[in-house]
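# Mind folding the following:
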Amino acid sequence: MTGKERREQTIALARAPLPVRRRIIQAMTPQDLAETDADFERWIHDSQIEPAVDGWRTWLMMAGRGFGKTRAGAEWIERLARSRPNVRIALIGATIDEARRVMVEGVSGILAVAKCNRSKVEWEPSLGRLTWRNGSQAQLFSGDNPDGLRGPEHDFAWADELAKWGRPEDAWMNLQMGLRRGARPRALVTTTPKSIPLLHEIRDGAWTFTTTGGTSENVNLDEKFVDVMLATYGGTRIGAQEIEGKLLDDVEGALWTRPLIEKARVARRPASEFDRIVVGVDPPAGASEGSDACGIVVCGSRGEVLTVLEDATVRGLSPEGWASRVAAAALRWDTAQVIAEANNGGAMVESVLKAADLDLRVRLVHASKGKSARAEPIALKFETGKAFFAGEFPALEAELGGMIAGGGYEGPGRSPDRADATVWAMTALSETRSGVPRVRRL
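This is a model prediction of the structure:
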């Protein structure tokens, strides 16, 4: 087949309905497939094409699994890098390992795309860096390590699977602060949707252009695979999110839905209005690891009514560091009562808290049931008008919204540290009869 014939075939492929496109691809020779694959911008569908409108800063590509998000991201980055000298690009994955395996070295990653485009790129795995012959560079970062994005300036960024990032809000904020190099900095976010606050915020942003798509739109996927996925998950919530690429508002079976959370919101109140105040603590795994979050949530009771007062959760601190934050929260709310989970180094948890403040009355509790089983009685109190949020707590609310009746967690991060701390504090307050005097500091 001549070059002209291949171009005509590519144009026909791009314009044809989906079933016809599949038949054309199945009839191609290996050489035809290679030539067509390299001519990405001619045969892709509209959702994979860079927005032609002016004024956007973030291109959000929210689509089902197997849609072709990675290929679209790699093509966009590789084209920008080879066509513009000396630009600086951030490549952010859920982890450094995923960024390397998927975004760079994957079958649809930047190295594969560069090979198709006959573009010379030097890849330095030990440095996590790609360099084009014109001086443009792309550096790998992780959504688990926001501080890595603090400082560097970038012309462009590709954020992959943002809904899986361990610390999405902090990482995205630092990325935005550094996305200021060049005449028109902008970012592409490619992700299978998941109901986290940041994704809703990005989608609704004034400078965001959103494209969507489903698994079945990728003509390169085996038809049987698509048929099996649709037959198995079609019409379900999982199917809507993972196959159709729809951003859903609430997790199916969530103990705390968005309407429930909004209904339970009240104005902030001073400590003097409560009979008893407790600081709930969910220590980091192992209690000595500085990378995990320490859930610290202050709750109060007045009669039988419970209220979330403050989310003082911290991350990345030493045991002495997070213990001092617990003591500070207790001091702010004029209480000495602390409820801390003891499953992760119980004796050490108590000792570091006591070292931070000898006046703290620390009660250690052990998790004998699953997180959702412990949370269900507390969720019921919110439903029956006996528990409230004194203000807005976006990160805590997102974790509560990911806790599912019957077990499981579908919220942001790997563990609902804030939610656990809330449940411990409110459970302790529920065990106390109304009229019991508060324990105040002297």
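
# ranges for the helices of the stretch 201-350 of the chain?
Listed in chain order, the helices of the stretch 201-350 of the chain (DSSP state H, counting those that start in this stretch) span 223-233, 237-238, 258-263, 319-332, 346-356.

# Packed most tightly, which of these would that be?
helix 319-332 (a mean of 20; mean count of other Cβ atoms under 10 Å). Yep, even glycine has a C-beta here, placed from its N, CA and C like the rest.

# what's in contact with it?
Residues outside helix 319-332 that contact it (Cβ atoms under 8 Å, 6 or more residues apart in numbering): 279, 281, 283-284, 287-288, 290, 294, 296, 298, 310, 312, 314, 317, 336-338, 340, 348-349, 352-353, 355-357, 360, 441.

# Just the ones in strands from those residues, please.
V279, V281, C294, I296, V298, E310, V314, Q337, V338, A340 (DSSP state E).

# follow-up on the earlier one: between the helices of the stretch 201-350 of the chain, which gets nearest to H366?
Set against H366 and scored by Cβ to Cβ, those come closest in helix 346-356, at 7.6 Å.

# what's the farthest-apart pair in the ones in strands among the contacts of helix 319-332?
Farthest pair in the ones in strands among the contacts of helix 319-332 (Cβ to Cβ) is V314 and Q337. Separation: 19.4 Å.

# which one of the two has more residues nearby?
Taking V314 and Q337 together and counting by other Cβ atoms under 10 Å, Q337 has the greater number of neighbours (21 against 17).

# Run through the residues that contact the residue lying closest to the more buried one once chain neighbours are set aside.
Once flanking residues are discounted, Q337 sits nearest to V278: 4.8 Å by Cβ to Cβ, 6 or more residues apart in numbering. If you count contacts by Cβ under 8 Å, 6+ apart, V278 has them with V298, C299, G300, T335, Q337, V338, I339, A425, A428, L429.

# Please convert those residues to JSON lines, extending it with pLDDT and distance to P270.
Formatted as JSON lines, the contacts of V278 follow (pLDDT from 0 to 100; distance: Cβ to Cβ, whole Å):
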{"residue": "V298", "pLDDT": "98", "distance to P270": "13"}
{"residue": "C299", "pLDDT": "98", "distance to P270": "15"}
{"residue": "G300", "pLDDT": "97", "distance to P270": "10"}
{"residue": "T335", "pLDDT": "95", "distance to P270": "13"}
{"residue": "Q337", "pLDDT": "95", "distance to P270": "17"}
{"residue": "V338", "pLDDT": "95", "distance to P270": "20"}
{"residue": "I339", "pLDDT": "95", "distance to P270": "22"}
{"residue": "A425", "pLDDT": "97", "distance to P270": "18"}
{"residue": "A428", "pLDDT": "95", "distance to P270": "21"}
{"residue": "L429", "pLDDT": "96", "distance to P270": "17"}
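
# residue boundaries of the helices in the stretch 1-150 of the chain?
All helices of the stretch 1-150 of the chain, identified by DSSP H, counting those that start in this stretch, fall at 3-15, 18-26, 30-38, 40-43, 69-83, 96-98, 110-116.

# Comparing those by mean pLDDT, which bottoms out?
Of all these, the minimum mean pLDDT falls on helix 3-15 (a mean of 60).

# Near S272, how many other residues are there?
A count of nearby residues for S272, using other Cβ under 10 Å, gives 7.

# now swap in the one 4 residues further on and tell me
Residue neighbour count, defined by other Cβ under 10 Å, stands at 19 for R276.

# M103 now?
A total of 27 residues lie near M103 under the criterion other Cβ under 10 Å.

# Now the buried members of the contacts of helix 319-332.
Applying 16 or more other Cβ atoms under 10 Å to these, the neighbour count classes 279, 281, 283-284, 287, 294, 296, 298, 310, 312, 314, 317, 336-338, 340, 349, 352-353, 356-357, 360 as buried.

# what sits against R65?
If you count contacts by Cβ under 8 Å, 6+ apart, R65 has them with T192, T215, E242, I243.

# Take these and write them to TSV, including pLDDT, distance to P259 and neighbour count.
Formatted as TSV, the contacts of R65 follow (pLDDT from 0 to 100; distance: Cβ to Cβ, whole Å; neighbours: other Cβ atoms under 10 Å):
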residue	pLDDT	distance to P259	neighbour count
T192	89	25	21
T215	78	30	23
E242	78	24	20
I243	80	26	24
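
# I'd like these as CSV, with distance to Q137 appended.
CSV is the format used below for the contacts of R65 (distance: Cβ to Cβ, whole Å):
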residue, distance to Q137
T192, 28
T215, 33
E242, 34
I243, 36
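
# Just the residues you listed: which are in strands?
Among the contacts of R65, no member falls in strands (DSSP E).

# lowest-confidence stretch among the helices of the stretch 201-350 of the chain?
helix 237-238 (a mean of 63).

# on that earlier part again, list just the nearest of the ones in strands among the contacts of helix 319-332 to T211.
Nearest to T211 among the ones in strands among the contacts of helix 319-332, with distances taken as Cβ to Cβ, is V314, at 36.9 Å.

# And E376, what's its pLDDT?
For E376, the pLDDT comes out at 92.

# dump the residue contacts of it.
L255, A405.

# next SSE after the strand or helix carrying it?
Assigned by DSSP states H and E, E376 belongs to helix 371-383. Using DSSP H and E, the helix or strand that follows helix 371-383 in sequence is strand 387-390.

# tell me the domain boundaries of the protein?
44-243, 258-430 (automatic domain parsing).

# Please render those domains as CSV that adds distance to I24 to the earlier fields.
Shown next, in CSV, are these (distance: least, Cβ to Cβ, whole Å):
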stretch, distance to I24
domain 44-243, 9
domain 258-430, 39
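
# Excluding covalently adjacent residues, which one is nearest to T211?
S47 (4.1 Å).

# first vs last residue of stretch 387-398, how far apart are they?
Start and end residues of stretch 387-398 are separated by 17 Å (Cα to Cα, to the nearest Å).

# and what of stretch 367-375?
End-to-end for stretch 367-375, by Cα to Cα: 12 Å.

# Stretch 359-375 too?
Stretch 359-375 stretches 29 Å from its first residue to its last (Cα to Cα).

# now it: how far from the chain's centre is it?
Put simply, stretch 359-375 sits 26 Å off its chain's centre (Cα atoms, centre = their mean, to the nearest Å).

# All set now, cheers.
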